[in-house]
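>>> give me a model of this one.
(one chain, ligands or ions: 1)
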Amino acid sequence: MCGIVGYSGSRQAVEILIDALKRLEYRGYDSAGIAVCGKELQVYKDKGEIAKLQESLPVMKGTVGISHTRWATCGRPSKENAHPFVDCTGRFALVHNGIIENHMALRRELVARGHKFTSETDTEVLVHLLEESYKGDTHAALVETLKKVKGTYAVAVVRSGSNEVVAARKENPLVVGLGVGENFVASDVTALLNYTNKVLYVMDGESAVISPAGVRLFDESGQEVRREPSTISWTIDDAEKGGFGHFMLKEIYEEPLAIHNTLLGYLDDISDGNSIGSSRFSSVKIVACGSSFHAAMVGKYVIEALSDTPTTLELASEYRYSPGTKELPLVVLVSQSGETADTLAAAREARRRGCKTYAITNVVGSTLTREVDEVFYTRAGPEIGVAATKTYITQLVALYLLGMRMGIARGTIGPDSLRSMRSELRSMPKHVRTVLDNSSAIEEATDMLVNARDVFFIGRNINYPTVLEGALKLKEISYIHAEGYAAGELKHGPLALLDAHTPVVAACVKDHTYDKMLANVAEVAARDSPVLAIGFEDDTELNAVADRVIRIPKVSPIFSPMLITVVLQMLAYYTARRKGCPIDKPRNLAKSVTVE
Ligand code: F6R
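Predicted coordinates:
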């Protein structure tokens, strides 16, 4: 997720482009850049936050320009990889938010035709394609360029000698701001609120030409589109959160897109990588902290089920105390931030022991990525809320993909099951959306939790880690004491704590654990504990044993943690909101834990 701004008017562009960009910093903050069209095209960019760029900004005169704040997904954060990118003739500057899936093939072709690249990014192909397509009309050239790419984008372009900003979008947000004698384009309205509250939402597949005189919108077929402007009544604070009350909720609602982006490009060529996941290891060890550890636990079930590879788990803070084994496992380190001190120490220790290391992280260029042999990037975009939500879901996606690749390499997954797993993963964004659409039922279910002192979460097998994660979410943001338990363990102690004031949340999917889960739920109900069950949409038995049931779309049980987790995240969120807790910044917690 990156932030884009474009301006065309009569004022000096630079101040507007920087001020508006700062409003988008929550979308990305590892590097930033700006291009202004005056007498000639001037471009300035650097690694780091926008304030740093601003401090060293040279004088840039001109009334048209674009700017960008980056969250790296392809190519580490660096000055070279920062946007805007300029073509070989120096006429065009371009900024992009999204992922160009076929960039490697396009880059090879462009290099063969003599184009010189200056960065490692997927984006740079766009500006070289634009240069080739240009025949006197930048809009036509951009439309032509976008026909050649596979992937997702919001893109904005300026050309030296022109007062137009040309923009287009596919699956990434873009909005046009309407002023008097000046017009704007941006990734979202947050950037524009200092300048206008009249906006035109650019729809998927559409493009726009912005000049001081006006704005023209075009549909996919090139027909001009007329649209009434919308009036925005949000404050800047509201807008940063996209109208959601908290970043955490916004980030939960971003999960369908985060899953989609993380799968992009990986599902199709899952079998032909020559990397670690496709190699044969006799065992795997997954190491992580906190929520990432719960994702790792799900990963253990997935890797063992799909590839028959024995998999062990270690908390990163404990890894150094575990004895090394003669047979070296593949060590998988899971960390959304890539900066967690315990996980970094474990990565170093694993390499010291001679193990191959594979990191799953959300932050390109983070320290962890420099400490391991191979990296898989989840593409969740920046997560501002302290509680991990969309990064957790995409860690699960990464671990499913790893399990599938290992299964293919070991011959434990045949073409039929590969086909059906691919199709289920592709449907996951849609299923998560269905869960989100059920938010009012989840919010109502918080009646059962909001006044509780203690809450138990129970599940079995692959949903045992899911309930651990549900309990962690509830405790960290609502300050209610919550414990996750393997459902079979309740009777070995915790049952003594259950009574009518202690609710139990039970993950009850119809798989080989179902009958035993129902028996555990009955045990709980017999102690008068109120039971909130989560089950498949077609489950007809749960209503008889639970006080309340939240339903999720029917998927193969192995994928059910993704959907149950979303329910549990929302349950924690709505409970904390009813209690008036500072959800995005829970007390005593930090987003990235850099001490051991
Ligand atoms: C909980 C949470 C933490 C992190 C943990 C590890 O919501 O976010 O438990 O999961 O601090 O952080 P990363 O994944 O950055 O290594």
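>>> just give me the residue right at the centre of the chain.
Centroid check for the chain by Cα atoms, centre = their mean gives A380 as the closest residue, at 1.1 Å.
>>> phi, psi of that residue?
A380 has phi and psi values of phi -90, psi -10 when expressed as degrees, to the nearest 10.
>>> residues in contact with it?
E254, A258, N261, T262, Q336, N362, K390, T391, I393, T394 (Cβ atoms under 8 Å, 6 or more residues apart in numbering). From N, CA and C alone the C-beta is placed, and that goes for glycine too.
>>> ok, these vs the ligand, which is closest?
Q336 (3.8 Å; Cβ to the nearest ligand atom).
>>> correct me, but the closest one touches A388?
Yes: using Cβ atoms under 8 Å, Q336 is in contact with A388, at 5.8 Å.
>>> residues contacting the closest residue to the ligand within the stretch 201-350 of the chain?
At 2.0 Å from the ligand, G290 is the closest residue in the stretch 201-350 of the chain, using Cβ to the nearest ligand atom. Taking Cβ under 8 Å, 6+ apart, we find G290 in contact with A388, L472, V593.
>>> ok, R227 touching F218?
No: using Cβ under 8 Å, R227 is not in contact with F218, being 11.2 Å away.
>>> which one's more surrounded, those two?
F218 (18 against 13; other Cβ atoms under 10 Å).
>>> apart from its chain neighbours, what residue comes closest to the more buried one?
Excluding its sequence neighbours, the residue lying closest to F218 (Cβ to Cβ, 6 or more residues apart in numbering) is S207, at 4.9 Å.
>>> partners of the one you found in the sheet?
A168, F218 (DSSP bridges).
>>> the stretch 401-550 of the chain against the ligand: which residues are in contact?
L472, E476 (Cβ under 6 Å from any ligand atom).
>>> before we move on, the earlier item: roughly how far apart are the residue nearest to F218 and Q223?
The gap separating S207 from Q223 is 11 Å, by Cβ to Cβ, to the nearest Å.
>>> neighbour count for the two, which is higher?
For S207 and Q223, the more surrounded residue by other Cβ under 10 Å is S207, and the numbers stand at 24 against 8.
>>> who are the contact partners of the closest residue to the ligand within the stretch 51-200 of the chain?
Closest residue of the stretch 51-200 of the chain to the ligand, Cβ to the nearest ligand atom: W71 (15.2 Å). By Cβ under 8 Å, 6+ apart, the residues touching W71 are M1, C2, R27, G28, Y29, D30, V364, G381, P382.
>>> so the first one makes contact with G381?
It stands for M1. Yes: in this structure, M1 is within contact of G381 by Cβ under 8 Å, at 3.0 Å.
>>> show me the domain layout of the chain.
3-239, 244-430, 438-596 (automatic domain parsing).
>>> need the next SSE after the least confident helix or strand in the chain by mean pLDDT, C-terminal direction.
Of all helical and strand segments in the chain, the minimum by mean pLDDT, DSSP states H and E falls on helix 236-240, at a mean of 74. Once the chain leaves helix 236-240, the next helix or strand it forms, by DSSP states H and E, is helix 247-253.
>>> contacts for that following helix next, please.
Outside helix 247-253, the residues that reach it (Cβ under 8 Å, 6+ apart) are 26, 241-242, 244, 383-385, 387, 389-390, 436, 477, 566, 569-570, 573, 583-584.
>>> residues from the protein in reach of the ligand?
289-292, 335-337, 340, 343, 387-388, 472, 476, 592-593.
>>> tell me the confidence at the nearest residue to G205 once chain neighbours are set aside?
For G205, ignoring the flanking residues on the chain, the nearest one in space by Cβ to Cβ, 6+ apart is E220 at 3.8 Å. If you check E220, the pLDDT there is 91.
>>> quick one, phi psi at E220?
phi -60, psi -30.
>>> tally of neighbours for it?
Using other Cβ under 10 Å, E220 has 16 other residues around it.
>>> average pLDDT across the longest helix out of those in the chain?
In the chain, ranked by residue count with DSSP state H as the criterion, the top helix is helix 415-437. Average pLDDT, helix 415-437: 96.
>>> run the chain-centre distance for it.
Mean-position distance between helix 415-437 and its chain equals 17 Å (Cα atoms, centre = their mean, to the nearest Å).
>>> what does stretch 342-352 give?
On Cα atoms, centre = their mean, the centre of stretch 342-352 falls 25 Å from the chain's centre.
>>> stretch 98-108 now?
20 Å.
>>> stretch 162-171 too?
On Cα atoms, centre = their mean, the centre of stretch 162-171 falls 25 Å from that of its chain.
>>> next, the distance between the ends of it.
The first and final residues of stretch 162-171 sit 27 Å from each other (Cα to Cα, to the nearest Å).
>>> roughly how far apart are the residue located most distally from the centre of the chain and the ligand?
Distance to the chain centre peaks in the chain at A526, reaching 41.4 Å (criterion: Cα atoms, centre = their mean). Using Cβ to the nearest ligand atom, to the nearest Å, we find A526 at a distance of 33 Å from the ligand.
>>> which residues in the stretch 451-596 of the chain form strands?
In the stretch 451-596 of the chain, the strands defined using DSSP state E, counting those that start in this stretch lie at 454-459, 481-486, 504-507, 531-536, 548-552.
>>> mean confidence for the last one?
If you average the pLDDT over strand 548-552, you get 98.
>>> which helices and strands does it pack with?
Here strand 548-552 touches helix 415-437, helix 439-445, strand 531-536, helix 560-578, going by 3 or more Cβ pairs under 8 Å, 6 or more residues apart in numbering; DSSP states H and E.
>>> ok, now with 7 Å
With contacts taken as 3 or more Cβ pairs under 7 Å, 6 or more residues apart in numbering; DSSP states H and E, strand 548-552 sits against helix 439-445, strand 531-536, helix 560-578.
>>> partners of the second one in the sheet?
It stands for strand 531-536. Here strand 531-536 has these sheet partners by DSSP bridges: strand 504-507 (parallel), strand 548-552 (parallel).
>>> enumerate the positions of the last one that are buried.
By neighbour count on 16 or more other Cβ atoms under 10 Å, the buried set for strand 548-552 is R548, V549, I550, R551, I552.
>>> before we move on, the earlier item: pick the most deeply packed of the strands of the stretch 451-596 of the chain.
Mean neighbour count (mean count of other Cβ atoms under 10 Å) peaks for strand 504-507 among the strands of the stretch 451-596 of the chain, with a mean of 28.
>>> and it, how far from the chain's centre?
On Cα atoms, centre = their mean, the centre of strand 504-507 falls 27 Å from the chain's centre.
>>> quick one: mean pLDDT for it?
Rounded mean pLDDT across strand 504-507 is 98.
>>> distance check, the residue nearest to G205 against M297.
Applying Cβ to Cβ to E220 and M297 gives a distance of 44 Å.
>>> do T369 as well
Distance from T369 to M297, by Cβ to Cβ: 23 Å.
>>> neighbour count winner among those two?
The neighbour comparison of T369 against M297 (other Cβ under 10 Å) goes to M297, with 22 against 18.
>>> give me the spatial nearest neighbour of the more buried one, chain neighbours excluded.
P465 (3.4 Å).
>>> contacts only, for that neighbour.
H294, M297, V298 (Cβ atoms under 7 Å, 6 or more residues apart in numbering).
>>> equivalent analysis for V176, please.
N183, F184, V185, V199, L200, V202, A208, I210, V215.
>>> give me the phi and psi for it.
The phi/psi pair for V176 (degrees, to the nearest 10) is phi -100, psi 140.
>>> pLDDT at it, what is it?
Looking at V176, the pLDDT reads 96.
>>> find the residue ranges of the protein scoring beneath the pLDDT cut-off.
Where the chain drops to pLDDT under 70, the residues are 268-275, 277-278.
>>> number of residues surrounding D416?
The number of residues near D416, taken as other Cβ under 10 Å, comes to 8.
>>> how about R422?
15.
>>> look up how far A533 lies from it.
30 Å.
>>> what do you get for A409?
From A409 to A533 the distance is 38 Å (Cβ to Cβ).
>>> before we move on, what about R578?
Distance, R578 to A533, using Cβ to Cβ: 21 Å.
>>> number of nearby residues for the closest residue to S592 other than its chain neighbours?
For S592, ignoring the flanking residues on the chain, the nearest one in space by Cβ to Cβ, 6+ apart is S337 at 4.2 Å. S337: 21 surrounding residues under other Cβ under 10 Å.
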